[in-house]
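Peer 1: Kindly generate the corresponding structure for this input.
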Amino acid sequence: MATSASKVYAKLLPIRDDYVKRGQECAELTIPSSFLGDREERAGQEYSRGEQPDPHQSVGARGVRNLASKMMLTLLPSNSPFFNLVSDEELLDLLEEQMGISRGEVEIQLQKKARTIHQAMLKSNLRTESPEIFMSLLVDGSPLIYVTPEMQIQVFRLDQFVIERDPSGKLLQIVIKEAFDINSLDDSIRAMVDSSESKDKKKKEVLVYTHIKLVKGQYTRHQEVSEKIIPESETTYPKGVLPWIVPRAVKTSGEHYPRSYVEEYLGDLRSFEALSESLNDMAAASSRVLFLVSPSAVTDIDDLNGAPNGSFIPGRLEDISPLLAQLSGDFSVAFQQAQSIEQRLAQAFLLLSSLQRNAERVTAQEIRLMAEELDNALGGLFSIMSAEFQMPLVKAFIYRLTQSTDFVMPKEVEPNIVTGLDALGRGQDLSKLNSFMSQILEVSQAGIDVSMFVNAGELVKRMAAGNGIDPNGLIKTADELAAEKQQAQQEQMMQGPVADTMAKGMQAEMDPGKQAQLMKAQAETQGGT
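Peer 2: Numbers count the residues shown, from 1 in each chain. Below is the predicted model of the structure:
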């Protein structure tokens, strides 16, 4: 008999504990509310706002929110798909040779399908759930994303599930633990609840386990309650498709759970937190104003305390002296160290203020080059996200579309993710086309005519597909071009005889003899009248 999901969950739970504690520590130094730790340990007690730790600095929070926003705009652009669909080269050659379909027309059709998939993503709640997804990736490192049959996104945090991977990183099984109110469940599920639980009137929550595991190359999924499989919950997904996604921002070989991005800079965050607290304390101590009065002073303290501004009081200046903290040396050392750490953290989280050097005039080109340098440094992060997040997400939506609609995806077509901060969607293909055209223009300027070798119509179609533009109604079809050419030829043929007649008439008018005869005829006509 197969092991129940609850027992698998209990078996894998100890491995997860260290990652939960690590994620909670990362949250405490950045955004404490983003991950509160294991909710089972907090069960039955309210975690009020006052119990959350308050960081002494905001650099961590600003950095996490800034980088999460950049990741969302880069990985999930709203104006164009972050992927394209590519077909097998042999299929393209076959379509061109046997069916007469050009490569540009195939790319346009593939672009239409890509827009259909992208529209399904925009209609879902992906945009509203993506901040939580990227926040979890940066802070605790491991969100679980589920694309429902209704093409909606459900996000589970690290303290709600356990996973197991093989040494290569492939997912072997996932177990999700959810607590539902017994009154919210269907009658068929409520009847499956163990009798000891149903008799307990105080117990209103029922634990439902969802178990996803790899069996003979395919993933299966079922749900359990009271160690009994819920009817009609068993599902098998096609090979290579899994609507349960566990992305990783930082991959670590041999570990079941990924590390978070914040964890890589945990040392700087700890140091900056301690320095910020010390600087705050020193600033508070330095801002306190006290005066010392000599015990043998002639000056009356009561006279000083009750004297109005600008009044005269008898006394001696040497009787009173201010109490100085004299922390300027310690303050400057701590402040310089804090500034150095803050700059490193700002660069790690792409905060724009860290890019500008301390000078009166900083050119826009200088800031742009420094920004590109830092953006390129994060290329590894975006490359991992393309394989761990974007590609599984696209395949999951394609799978759901084929299930619920008449959407058909040929087997020879595969999604291709193109990510980065300078090129999104089909931007790289368009850049190659522009570079190709620039080279052609350079050769033409050298006196070599290569325009006869370029198919202008095919070039325009590929550039439209590269820009993600629907060419319908924008680019003239072959039939429209043929009709315009035929009409132009007919107009030229008709204009030929008419033009000859008009030319002869003009020549006759310009003949002096004929003009004299015309004037004589006009004079005779006037004389007769």
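Peer 1: distance of residue 137 from residue 184?
Peer 2: 30 Å (C-beta to C-beta, to the nearest Å). In this view, the C-beta of every residue, glycine as well, is placed from N, C-alpha and C.
Peer 1: quick one: which of the two has more around it?
Peer 2: Set side by side, residue 137 and residue 184 show more neighbours around residue 137, with 26 against 10, by other C-beta atoms under 10 Å.
Peer 1: Pull out the buried positions in the helix or strand harbouring the more buried one.
Peer 2: Using DSSP states H and E, the element containing residue 137 is helix 126-139. Burial within helix 126-139, assessed by neighbour count using 16 or more other C-beta atoms under 10 Å, is assigned to 126, 129-130, 132-139.
Peer 1: which residue is nearest the middle of this structure?
Peer 2: residue 72 (2.3 Å; C-alpha atoms, centre = their mean).
Peer 1: Pretty sure it sits against residue 130.
Peer 2: Yes. Residue 72 is within contact range of residue 130, at 5.0 Å (criterion: C-beta atoms under 8 Å).
Peer 1: about what we covered before: ok, the buried residues of helix 126-139 vs residue 409, which is closest?
Peer 2: residue 126 (19.3 Å; C-beta to C-beta).
Peer 1: Report pLDDT for residue 12.
Peer 2: As predicted, residue 12 sits at a pLDDT of 94.
Peer 1: in the helix or strand where residue 336 lies, what counts as buried?
Peer 2: Taking DSSP H and E as the definition, residue 336 sits inside helix 328-348. For helix 328-348, burial by neighbour count (16+ other C-beta under 10 Å) applies to 331, 334, 338, 341-342, 345-348.
Peer 1: repeat for stretch 407-414
Peer 2: Neighbour count says stretch 407-414 has 409, 413 buried, by 16+ other C-beta under 10 Å.
Peer 1: Residues contacting that stretch, please?
Peer 2: 85-88, 91, 110, 113, 116, 398, 401-402 (C-beta atoms under 8 Å, 6 or more residues apart in numbering).
Peer 1: which of the residues you listed tops the neighbour count?
Peer 2: Top of these by neighbour count (other C-beta under 10 Å): residue 85, with 22 neighbours.
Peer 1: Report the contact partners of the residue nearest to it when sequence neighbours are not counted.
Peer 2: Spatial nearest neighbour of residue 85, excluding adjacent residues (C-beta to C-beta, 6 or more residues apart in numbering): residue 110 at 4.1 Å. Contacts for residue 110 (C-beta under 8 Å, 6+ apart) come out as 84-87, 413, 465.
Peer 1: domains of the chain?
Peer 2: Following automatic domain parsing, the chain resolves into domains at 1-43+52-163+233-285+332-424, 426-475, 480-528.
Peer 1: and the shortest one, average pLDDT?
Peer 2: pLDDT averaged over domain 480-528 equals 64, rounded to a whole number.
Peer 1: So which of the contacts of residue 110 belong to strands?
Peer 2: 84-87, 413 (DSSP state E).
Peer 1: Which positions in stretch 293-301 come out as buried?
Peer 2: Applying 16+ other C-beta under 10 Å to stretch 293-301 flags residue 299 as buried.
Peer 1: what sits up against it?
Peer 2: With contact meaning C-beta under 8 Å, 6+ apart, stretch 293-301 is reached by 313-316, 318-320.
Peer 1: Helices along the stretch 1-150 of the chain, start to end?
Peer 2: 5-28, 59-75, 89-98, 103-123, 126-139 (DSSP state H, counting those that start in this stretch).
Peer 1: oh, I was asking about the stretch 251-400 of the chain
Peer 2: 266-287, 301-306, 328-348, 364-377, 379-385, 391-404.
Peer 1: can you tell me which of the ones you listed the model trusts least?
Peer 2: helix 364-377 (a mean of 55).
Peer 1: and residue 59, what does it touch?
Peer 2: 272, 342, 345-346, 351.
Peer 1: returning to that earlier point: between the contacts of stretch 293-301, which is closest to residue 256?
Peer 2: Closest to residue 256, out of all of the contacts of stretch 293-301 and judged by C-beta to C-beta, is residue 320, at 68.3 Å.
Peer 1: Alright, that wraps it up for me.
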